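In: I'd like to go over a predicted model; first the sequence, then the structure.
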Amino acid sequence: MIYENVLETLGDTPVVRLRRLLPRPEDRIFVKLEGSNPSNSIKDRAALHMVEQAESRGRLVPGSTIVESTSGNLGKALALIGAVKGYRIILVVDPKTPRSVLSYATSLGAELDMVTQPDPQGGYQPARLRRVRELAGSIPGAITLNQYENPDNPQAHATHTAPEIAKDFDELGALIATVSTGGHLSGLGMALKECFPELHVRAVDAVGSAAFGHPFSPYKMRGIGLSWTPGNLRSECVDSLHRVADTEALSLCRVLAAEEGILLGESGGAAVFAALTYATAHPGKPVLAIAPDSGANYLYESYDDEWLREQGTPPEVLSLTPEDILRHARCPVHPPMSLPRAVDDAPASVETATKA
Ligand SMILES: Cc1ncc(COP(=O)(O)O)c(C=O)c1O
């Protein structure tokens, strides 16, 4: 297949069925590998759609600058798009951003602006957004795409990702998707419920994230979670929530790599862990977990024992057997809970939600 430029290779990502790491041999658990996109993550889709829509509305013109806050993958995607389309890209990042992401972005010509002071709660996202506003206000012709509120972010997935899934599956029992901006969960949830009316949509968040109204506390996973509820989180399409702990996701990543040869990023580990929990409680239906990026982003970090030790996580804690993982998935640290109402109407309803 010949493409006119590297952006055309975006999408049509593979879906792989788990063969060994299953609650029961007959279970059908599938993982969509978004790390196969050209900058190795699901954010290529949102970034390209937001850029194309900004171009079509005249907000982006040749020579424009894009300033964006990113925990990593949106930055890689924008660096790639900037290189192909000729935009100046300034990425506001923080010390949690994986090293490989920073090197990737700068190799493609993006500029980095590092925020080093976390908010009093310990998160960096509000500080990054303040810095984006400062930069976008002071650089002539600069725009910010605001992935947290921009409806073109979920729309990318409703328009492009959901039809790929609908084409691959005749039936689908559950969609398991992680949340940061809410872009892929909301876009896929809304669109796929129209194709599969019985579909159960389960959101996966990090323990410590405040995206669903819980108090924020720092956590280790990258890419997933937020210290506030983003506008792009359309909770009306979400049936339940599973808050996954760092150790659950990181140990799942290691077992999945060894058992199935699938090397996922940390949020993908959380999604597959949640898929195992879902499948344990709901036998029979096909379950699809979205893996937002590849473990290649984290080889020298969460897959590296020395790095983990430096971060205060003894790697032994993550060295579980497949049987251990399946046992943990049956009794996770936080049991999934149903979401009876929109979270932004009633954050407390999350706390009182019934166990799914
Ligand atoms: C690795 C990773 N996982 C999950 C997400 C969450 O995706 P979304 O922003 O669509 O909620 C992101 C977003 O940046 C990510 O980079």
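Out: Alright, I've got the coordinates.
In: the closest residue to Pro118 other than its chain neighbours and Pro286: what is the separation?
Out: By the measure of C-beta to C-beta, 6 or more residues apart in numbering, the closest residue to Pro118 outside its immediate chain neighbours is Tyr124, 5.2 Å from it. (C-beta placed from N, C-alpha, C; glycine too.) As for Tyr124, its distance to Pro286 is 37 Å (criterion: C-beta to C-beta, to the nearest Å).
In: settle it for me: which of the two has more neighbours?
Out: In this view Tyr124 and Pro286 are compared by other C-beta atoms under 10 Å, and Tyr124 has more residues nearby, 24 against 17.
In: tell me which residues touch the more buried one, please.
Out: If you count contacts by C-beta atoms under 8 Å, 6 or more residues apart in numbering, Tyr124 has them with 94-96, 115, 118.
In: how about the residues of the protein by the ligand?
Out: Proximity of the chain to the ligand is assessed by C-beta under 6 Å from any ligand atom, with 41, 43, 71-74, 178-185, 223-224, 265, 267, 292-293 identified as the residues in range.
In: now, which of the residues you listed lie within helices?
Out: Assigned to helices by DSSP state H, the following of the residues of the chain next to the ligand qualify: 43, 73-74, 183-185, 267.
In: just give the nearest non-adjacent residue to the closest residue to the ligand within the stretch 101-250 of the chain, would you?
Out: Closest residue of the stretch 101-250 of the chain to the ligand, C-beta to the nearest ligand atom: Gly223 (2.5 Å). Ranked by C-beta to C-beta, 6+ apart and with sequence neighbours excluded, the top spatial neighbour of Gly223 is Ser267, at 4.5 Å.
In: for Ala275, same thing?
Out: Of all residues not flanking Ala275 in the chain, Ala289 sits nearest, at 4.0 Å (C-beta to C-beta, 6+ apart).
In: right, and that neighbour touches Glu34 too?
Out: No. The pair Ala289 / Glu34 is not scored as a contact, 10.7 Å apart, by C-beta atoms under 8 Å.
In: higher neighbour count, the two?
Out: Ala289 (29 against 26).
In: make sure that one is indeed in a strand.
Out: Yes. Read with DSSP: H, G, I helix; E, B strand; the rest coil, Ala289 is one of the residues of a strand.
In: pLDDT score for it?
Out: Looking at Ala289, its pLDDT reads 98.
In: same question, the one 4 residues further on
Out: Per-residue confidence (pLDDT) for Asp293: 96.
In: for Thr352, same thing?
Out: Model confidence at Thr352, expressed as pLDDT, equals 26.
In: also Val132?
Out: Confidence at Val132, expressed as pLDDT, is 95.
In: which residues touch it?
Out: Applying C-beta under 8 Å, 6+ apart, we find Val132 in contact with 67-69, 92, 144.
In: in which helix or strand would I find Glu323?
Out: helix 322-330 (DSSP states H and E).
In: follow-up on the earlier one: got JSON lines for the ones in helices among the residues of the chain next to the ligand, with pLDDT and neighbour count too?
Out: JSON lines is the format used below for these (pLDDT from 0 to 100; neighbours: other C-beta atoms under 10 Å):
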{"residue": "Lys43", "pLDDT": "97", "neighbour count": "32"}
{"residue": "Asn73", "pLDDT": "93", "neighbour count": "31"}
{"residue": "Leu74", "pLDDT": "94", "neighbour count": "28"}
{"residue": "Gly183", "pLDDT": "98", "neighbour count": "33"}
{"residue": "His184", "pLDDT": "98", "neighbour count": "29"}
{"residue": "Leu185", "pLDDT": "98", "neighbour count": "30"}
{"residue": "Ser267", "pLDDT": "97", "neighbour count": "30"}
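In: thinking again about what came up before, skip ahead from the helix holding Glu323 and say which helix or strand is next.
Out: strand 337-338.
In: determine the set of other helices and strands touching that following strand.
Out: Packed against strand 337-338 by the contact rule (3 or more C-beta pairs under 8 Å, 6 or more residues apart in numbering; DSSP states H and E) you find strand 240-244.
In: pull up the pairing partners for the strand it packs on, direction included.
Out: Looking at strand 240-244 with DSSP bridges, its partner strands are strand 200-206 (parallel), strand 337-338 (antiparallel).
In: and the strands in this protein?
Out: Remark: strands of the chain, listed N- to C-terminal, are 15-17, 29-33, 65-69, 88-93, 111-114, 142-143, 174-178, 200-206, 240-244, 287-291, 337-338; assignment by DSSP state E.
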